[in-house]
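1. Build me a structure from this.
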Amino acid sequence: MTDIFLEGGRTLIGSELVETSLALSGQDIAEVDASRGRARLAINARDLLVLPGIVDLHGDAFERQMMPRAGVDFPIDVALADSDRQAISNGITTVFHATTCSWEPGLRSADNARGLMEAIERQRPQFAADTRFHLRHETYNLDAETEIGQWLTEGRVDLFAFNDHMDGTVGDMAKPRKRNRMVERTGLSSEDFDRLVGHIMSRAADVPASVSRLAATARAAEVRMLSHDDATPAMRQGFRAMGVAIAEFPVNEETAREAASHGDAIVYGAPNVVRGGSHTGWTKASDMIAKGLCSVLASDYYYPAQLLAAFRLAADGVLPLTKAWNLVSAAPARATGLADRGVLAEGRRADILLVDDSVPLRPRLIAVISGGKLVHLADATRLLGMAATPREAVVAA
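-> So this is what the prediction gives:
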């Protein structure tokens, strides 16, 4: 017996939108162009888009649930549960929580990263989205190297990024507003923060060797790696030589071209597309996409952005929707090594979105299926009926 049947709908099959029906069984798509048969649950998808679920390889909006205001903390389990609901309600069926492990105390500390990793491991069975751990290692956090190496070896890290925000930190110390924000985030006094930054900077010569050792550990553990904010082609070349095949937010076109010329995955933020440019004044993502210099869009700091960005690209004539959707689904799945999702095909994981696209630039999610379970439903009139023994479904409206 089929578990869920999706009747009709303009379904993204390969690179085309095709009117067809899908039958789901267990966690997978059992049949494309299916007949209803004895489905336990049937959903009317007519006049809707049927799209693969979004894969978000870098999202840190969960930090706002943990610390909605500077110095105001909420329990990690509560924050993660709320973040899961937000991700699902924005079509994200696979989410990598991008967790910073910095030399700073507070929100981005090693202690907090450890707590987040452990909480994700505990709560993973309860989440509607397939939830994974993306560790963003601040390379100057030398004291954490041994512990991070152990996490990598134990298979507890799903993606591993090298971050270096030290120059920005030093530069921001001369800007009162940004300095105050950094100090508040750490919970230190202004004087203690200055002393800490001075101590961290004094160890700069030890950073390259630490990066090399951790990259070797990640390679041995077969953990995919990212480099963050590559500033020059030489920097991208150096990371590639260590097996870091994903360029995350390259800051200029020449660096992005270096990445593209070697087949590296290139990640930009979907908020950049939605807003029409970078909030930092750096590279405009839609320009990079038009030039073939972006292969993945991530939610970055705003969960609704991936869904909105794909439709914005189509409306602006940058890409047809079928190709724009690749940036938020199939491409990030490939980049992260998840071969079972990102496309709608028989035998693939049943991560599926039903989207009402009748209002330009404002797609509305009608239903979300994650791993074969209906986890979000915004319009119950779409239900066509259930068999006598209904499939248990978690509905997070």
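2. Identify the bridge partners of Phe5.
-> Phe5 forms beta bridges with Ala23, Ala42, as assigned by DSSP bridges.
3. Report the secondary structure state of Arg177.
-> helix (DSSP: H, G, I helix; E, B strand; the rest coil).
4. distance of it from Val72?
-> 19 Å (C-beta to C-beta, to the nearest Å). (Glycine included, C-beta is placed from N, CA and C.)
5. Distance of the closest residue to Ser15 other than its chain neighbours relative to Leu51?
-> Closest residue in space to Ser15, ignoring its immediate chain neighbours: Thr322 at 5.3 Å, by C-beta to C-beta, 6 or more residues apart in numbering. Distance, Thr322 to Leu51, using C-beta to C-beta: 10 Å.
6. Neighbour count: the two, which is higher?
-> The neighbour comparison of Thr322 against Leu51 (other C-beta atoms under 10 Å) goes to Leu51, with 28 against 16.
7. Which helix or strand lies directly C-terminal to the helix or strand where the more buried one lies?
-> Per DSSP states H and E: Leu51 is located in strand 49-52. Moving toward the C-terminus from strand 49-52, the next helix or strand (DSSP H and E) is strand 54-59.
8. Output the contacting helices and strands for that next one.
-> Helices and strands touching strand 54-59, by 3 or more C-beta pairs under 8 Å, 6 or more residues apart in numbering; DSSP states H and E, are strand 92-101, strand 296-298, helix 305-315, helix 330-335.
9. Apply 6 Å and report the result again.
-> strand 92-101, strand 296-298, helix 330-335 (3 or more C-beta pairs under 6 Å, 6 or more residues apart in numbering; DSSP states H and E).
10. now that strand: mean pLDDT?
-> Regarding strand 54-59, the rounded mean pLDDT is 97.
11. again with stretch 220-236
-> On average, stretch 220-236 scores 97.
12. Show the end-to-end separation of it, please.
-> 21 Å (C-alpha to C-alpha, to the nearest Å).
13. and for it, what are the contacting residues?
-> Here stretch 220-236 makes contact (C-beta atoms under 6 Å, 6 or more residues apart in numbering) with 152-153, 157, 159-163, 218, 239, 244, 246-251, 254-255, 258-259, 337.
14. show me where the stretch 201-350 of the chain has strands.
-> 224-228, 246-248, 265-269, 296-298 (DSSP state E, counting those that start in this stretch).
15. So which of those strands is the most surrounded?
-> Most buried of the strands of the stretch 201-350 of the chain by mean neighbour count (mean count of other C-beta atoms under 10 Å) is strand 296-298; its value is a mean of 30.
16. what's around the residue nearest to Ala298 when sequence neighbours are not counted, how many residues?
-> Nearest residue to Ala298, sequence neighbours excluded (C-beta to C-beta, 6+ apart): His58, at 3.9 Å. Neighbourhood size, His58 [other C-beta under 10 Å]: 27.
17. isn't His58 right up against Val296?
-> No: with contact defined as C-beta atoms under 6 Å, His58 does not count as touching Val296 (8.7 Å).
18. Below-threshold pLDDT in the stretch 151-300 of the chain: ranges please.
-> For the stretch 151-300 of the chain, applying pLDDT under 70 flags the ranges 279-281.
19. If we use 80, what do you get?
-> 166-174, 181-182, 184-185, 277-282 (pLDDT under 80).
20. What of the stretch 1-150 of the chain?
-> Using pLDDT under 80, the flagged stretches of the stretch 1-150 of the chain are 1-2, 70-71, 107.
21. From the chain's centroid, how far away is stretch 114-130?
-> Relative to its chain's centre, stretch 114-130 lies at 15 Å (C-alpha atoms, centre = their mean, to the nearest Å).
22. for stretch 315-324, same thing?
-> 20 Å.
23. Residue numbering should commence at 56 henceforth.
-> Okay, residue one is now 56; in that scheme the one you just asked about reads as stretch 370-379.
24. neighbours of the residue lying closest to Gly126 once chain neighbours are set aside, just the number please.
-> Distances taken as C-beta to C-beta, 6+ apart place Glu239 nearest to Gly126, at 6.3 Å, with adjacent residues excluded. By other C-beta under 10 Å, 16 other residues sit near Glu239.
25. Name the helix or strand for Glu239, please.
-> helix 231-241.
26. Can you tell me what sits against that helix?
-> Residues contacting helix 231-241 (C-beta under 6 Å, 6+ apart): Ala125, Glu159, Pro160, Gly161, Leu162, Asp227, Met228, Ser245, Phe248.
27. Flag every buried residue along it.
-> Neighbour-count burial for helix 231-241, counted by 16 or more other C-beta atoms under 10 Å, picks out Arg234, Met237, Val238, Glu239, Arg240, Thr241.
28. likewise stretch 152-171?
-> In stretch 152-171, counting by 16+ other C-beta under 10 Å, buried: 152-165, 167-169, 171.
29. And Val252, how close does it get to Glu303?
-> With C-beta to C-beta as the criterion, Val252 and Glu303 are 24 Å apart.
30. what do you get for Asp285?
-> In terms of C-beta to C-beta, Asp285 sits 8 Å off from Glu303.
31. again with Val110
-> 15 Å.
32. same thing with Phe182?
-> 24 Å.
33. who's in contact with Met172?
-> Taking C-beta under 6 Å, 6+ apart, one finds Phe188 in contact with Met172.
34. now do 10 Å
-> His152, Thr154, Cys156, Phe188, Leu190, Trp206, Arg211, Val212 (C-beta atoms under 10 Å, 6 or more residues apart in numbering).
35. measure the residue minimising distance to the centre of the chain to Gly397 for me?
-> Geometric centre of the chain, nearest residue: Asp111, 2.3 Å, by C-alpha atoms, centre = their mean. For Asp111, the distance to Gly397 equals 12 Å [C-beta to C-beta].
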